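> Provide a 3D model corresponding to the input given below.
(2 chains)
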Amino acid sequence: MNAITLSNVDVYLSGSHILQNVSFEVPSNKVTALLGRNGVGKTTTLRAIMGLIPSSGVINLFDKPIHAMPTYKIAQSGIGYVPEDRDIFSTLSVEENLSLAVRDENPNYDLVYKLFPELLQRASQRAGTLSGGQQQMVAIARSLLNKNQIILIDEPTKGLAPKLVGEVAEALSHVAKETTMLLVEQNLALVRSVAEHIIVMSQGSVVFQGDPSNLQNDEFVHSMLGVSGGRH
Amino acid sequence: MDTFILITITGIGLGALFFLVASGLSLIYGLMGVLNFAHGTFLTVGAFSGLWISTQVFTTSNSWTFFGAMIFGGLSGGCFALLVERLVITRLYERHIEQALVTVGVALVVGAMLSGWFGNDPRLLPTPHWFINTVTVGKAFIPVDRFLYIGASLVLLIALTSILRFTRIGLIIRAGVENRAMVGALGINVRLAFSAVFFLGGFAAGMGGVLVAAYQNGVTPLMSGSWLIYGFIVVVVGGMGSLSGSALAALLIGVVDQFTNYYRPGLGDFVIVFILAAVLLSRPQGLLGKVGR
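Numbers count the residues shown, from 1 in each chain, chains lettered A, B, ... in the order given. Below is the predicted model:
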């Protein structure tokens, strides 16, 4: 069963054809990594799924079409979203940022504070004064409070210090056990450790879907991602 | 000294009325960035609704009926604001020029309709008998109604601040102001929250309309013009989106206007515009506004 299916999705932004006939499936109960060089349309793909930008084509969540829905209804359908730039609310406290995200009657604060105990200590601190890593924790935590069918996570380790990358990676490994995930990530080590399915994009199109074991092959990594391994 | 007390308290009373008009503008423009030139019509609709219920529904004029008229005027102003937002503004978020044009159009149309219906002559709003009383502060005789204006503004300031700080809808509004798209991505219909802002702004203006009608002894379709201008000045001087800034600016402008007009009759408006210019030049974000807002 596929959690998300994209069929012939196109996105035009400012006259540019950003996504070109993109089709792929995200299997349920697995971590799928969406890979590709910078600027190939990975973030745009996530934003199109969330309805944050206009797109054409069909996007289904467990066979239910969501492409015509407004963003808030797409989220209510059971999609958690952690955007590339975190987009936390800087003037609100950590506690307010989290409570704003609550949709379920019984939000899973236990999981959030188990993974990120620091957020409990900083509950009353303004989110704008947190470090980049702590802000990323808030952004991920928001998506964990509700029972989502899938979580879309866009470059969670971007701009983080190596120590924090490890913490976020550990948190994602826990999250991966609980829910389906579509992960955009440049850190190949992290992708190798959590991904069970990979999709590679190039120039706005999908060029590969399959087994993450291919990421052990340097030639594949070099030809698809333009790097020789590690972080690209 | 008596004159000083009298002018100060009547100035605060006038400032309280300015705040009632400006608080809605501050919410709608400061928080949502909507240039709403129809805000004066919310005030006028509120005043006419208060007049209608006071003369057509209530048979006597006492404190309760006047407070009823204030609430009804507020609700009418709020509902009318909601209607304008749903029918017109909702399609024009982020499009400031269109907002200005359309809301000016709404103000002209509503003003013309009310003029055609009621005429432009002032209609007296029934007020309780104690409105003409005075109380002694020191040796100054202060009209009682000034304390009502001050009290109503204080209650409104506390209520609006509490809604924004302590309720979920307030949380959504504050988050939506910062990043509307992300609020939607959390599964929240931010448009509903913004409609609530319009209702609150319209409620304040509508209730203010009833009090302004009592203050200037009449309801007319043209009553909102100068009050809207004062409202915009208060919002700019106080700082966009800052309710406490609007309250401070309204107080300042009301008191300065009264003192200037007492000692230099007719120069009140000039001094207010001077204050506006001085604040814009020295502190463009307003007295309590945030830089870059």
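
> Okay, the residue nearest to A:His197 when sequence neighbours are not counted and B:Val255: tell me how far apart.
Excluding the flanking residues, the one nearest A:His197 by CB to CB, 6 or more residues apart in numbering or on different chains is A:Thr32, at 4.4 Å. For every residue, glycine as well, the C-beta is placed using N, CA and C. According to CB to CB, to the nearest Å, A:Thr32 stands 65 Å off from B:Val255.

> residue closest to the middle of chain A?
A:Ile153 (1.3 Å; CA atoms, centre = their mean).

> Now name the helix or strand holding it.
strand A:150-154 (DSSP states H and E).

> Same question for A:Leu182.
strand A:180-184.

> right, is the worst-scoring helix or strand of chain B on mean pLDDT up against chain A?
Every helix and strand in chain B was compared by mean pLDDT, DSSP states H and E; the lowest is helix B:32, with a mean of 79. No - Helix B:32 is not in contact with chain A by CB under 8 Å from any CB of the partner chain; minimum separation 15.3 Å.

> so what pLDDT did the closest residue to the residue nearest to the centre of chain A other than its chain neighbours get?
Nearest residue to A:Ile153, sequence neighbours excluded (CB to CB, 6+ apart): A:Val82, at 4.4 Å. A:Val82 is assigned 96 on the pLDDT scale.

> Neighbours of A:Val82, how many?
Close neighbours of A:Val82, defined as other CB atoms under 10 Å in any protein chain shown, add up to 27.

> Just the residues contacting the longest helix along chain A, thanks.
Longest helix in chain A by number of residues (criterion: DSSP state H): helix A:162-178. Contact with helix A:162-178 is made by A:31, A:111, A:115-116, A:132-133, A:136-137, A:140, A:144, A:151, A:153, A:156-157, A:160, A:181, A:183, A:187, A:190, A:193-194, as judged by CB atoms under 8 Å, 6 or more residues apart in numbering or on different chains.

> mean confidence score for the strand holding A:Ile153?
On average, the pLDDT along strand A:150-154 is 95.

> for that strand, packing partners?
Applying 3 or more CB pairs under 8 Å, 6 or more residues apart in numbering or on different chains; DSSP states H and E, we find strand A:150-154 packed against helix A:42-49, strand A:79-82, helix A:132-144, strand A:180-184.

> How about A:Phe42, nearest residue that isn't a chain neighbour?
For residue A:42 the amino acid is Lys, not Phe. A:Lys42 sits nearest to A:Val184 (CB to CB, 6+ apart), 4.5 Å away.

> Could you do A:Ala161 as well?
A:Gly133 (6.9 Å).

> pLDDT value on that neighbour, please?
The model's pLDDT for A:Gly133 equals 88.

> What strands flank the strand holding A:Ile153, and is each parallel or antiparallel?
Sheet pairing of strand A:150-154 (DSSP bridges) gives strand A:79-82 (parallel), strand A:180-184 (parallel).

> now that strand and helix A:132-144, what's the angle there?
160 degrees (axes from the mean of the first three to the mean of the last three CA atoms, to 10 degrees).

> how much does strand A:150-154 deviate in direction from helix A:162-178?
Using the same axes, to 10 degrees: strand A:150-154 against helix A:162-178 is 160 degrees.

> who touches the residue nearest to A:Ala161 in this structure?
Contacts of A:Gly133 by CB under 8 Å, 6+ apart are A:160-161, A:164, A:167-168.
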